[in-house]
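Asks: Give me a model of this one.
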Amino acid sequence: MKTRATTLTALAAVALATGCSAADTGGAGNAPDGEQVSGSRLDEILESGTLRVCTTGDYRPFTYLDPATDDFTGIDVDMARDLADDMGVEVEWVRTSWDDLMGDFLSSCDIAAGGISISTERARQVYFSAALMEDGKTPITLCENVDDYRTIEQINQPGVRSIMPSGGTNEVFAEEHYPEGELIRHDNNTVFEEIIAGNADVMTTDASETLWAANEHEELCAVHPDEPFDYFEKAFMLPLGDEVLKHYVDQWLNIALNDGTWDGIVEPWFGEDVEL
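Replies: I've put the predicted structure just below:
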């Protein structure tokens, strides 16, 4: 896996040449009350001094709400804080769930962050920023069982217990590819402990998450994170139609991915030997 960032210099040039404005292309998208507004959400963020960020808080290493401190931590959490610092505003966290992510974002947030996968289904309702990283679904299991779960066919067998949180892309993948297996839905924060305890056999999740989990738990091994079953990218969700805010976020992200900001945020979660 590797980071990918794209600049929108050409887009900006086209917009200037054609006289295109945020209002011409849909403006700021949905306002917090769901109504369409003119201008860019960026203006509202700067005026209010607050960047409202939807995040689930249950998907390490990208977003995690520590119950002991009630503080959010994670890669995307730190990146959102860096974006807010760049804007000169404060972050207001809006806790959501994978089931409620889209609705909460459309009604209450300026961006959504936390290991969110780009999909065409989501793209019908939101813009995505430039990609933070490439990813794909791959299994994770006890190190002694790696050879038993290398393929979809091996996992899609009666008696094979696949565990996943509900409401996200892991559940969708498991339902589509493992109809013959036993599907176990569990909360995302302790799902890997269930495999270690012997209550589940395998989890198919984002390769980036398997690398983090294997770094955290010596009993677990990512099966083939460099050759996942599929391909997708992770990004921030942004208001649909707001070209101005998207351009700003993409420009900030391009700098962060290339000036050491991203690398400094990622390294503590994966260790020095993992390159994303």
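
Asks: Look up the closest residue to F236, ignoring the ones flanking it.
Replies: Setting aside the residues directly before and after it, F236 is nearest to S129 in space (C-beta to C-beta, 6 or more residues apart in numbering), at 4.2 Å. C-beta here means a position set from N, CA and C on the backbone, and glycine is covered the same way.

Asks: if I pick the one you found, what's in contact with it?
Replies: With contact set as C-beta atoms under 8 Å, 6 or more residues apart in numbering, S129 has these partners: I111, A235, F236, M237, L238, K246, V249, D250, L253.

Asks: Save those residues as TSV, and put in distance to S162 and neighbour count too.
Replies: TSV is the format used below for the contacts of S129 (distance: C-beta to C-beta, whole Å; neighbours: other C-beta atoms under 10 Å):
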residue	distance to S162	neighbour count
I111	32	27
A235	26	26
F236	29	28
M237	27	25
L238	33	24
K246	36	26
V249	35	25
D250	36	25
L253	34	26
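
Asks: Closest one of those to Q125?
Replies: For Q125, the closest of the contacts of S129 turns out to be M237, at 8.8 Å, with distances computed as C-beta to C-beta.

Asks: Model confidence score at the closest one, please.
Replies: Here the pLDDT value assigned to M237 is 98.

Asks: So what's the residue count around the closest residue to it other than its chain neighbours?
Replies: Using C-beta to C-beta, 6+ apart and skipping the chain neighbours, the partner closest in space to M237 is A112 (3.8 Å). By the criterion of other C-beta atoms under 10 Å, A112 has 28 neighbours.

Asks: ok, A112 - contacts?
Replies: Counting by C-beta under 8 Å, 6+ apart, A112 has contacts V53, C54, T55, T96, L101, F105, V126, F236, M237.

Asks: mind listing which of the contacts of S129 are in helices?
Replies: When DSSP state H is applied, the contacts of S129 are split such that K246, V249, D250, L253 fall in helices.

Asks: Let me know the closest of the residues you listed to I45.
Replies: When those are compared for distance to I45 (C-beta to C-beta), V249 comes out closest, at 10.7 Å.

Asks: The closest one: what's it in contact with?
Replies: With contact taken as C-beta under 8 Å, 6+ apart, V249 is in contact with L83, I111, S129, A130, F236, L238.

Asks: One more pass at 7 Å, please.
Replies: The neighbours of V249, taking C-beta atoms under 7 Å, 6 or more residues apart in numbering as the test, are L83, S129, F236, L238.

Asks: Which two among the residues you listed are spaced furthest apart?
Replies: In those, two members sit farther apart than any others by C-beta to C-beta. They are L83 and L238, at 11.1 Å.

Asks: Could you tell me the per-residue confidence at L65?
Replies: 95.

Asks: In which helix or strand does it reside?
Replies: Here L65, judged by DSSP states H and E, is contained in strand 63-66.
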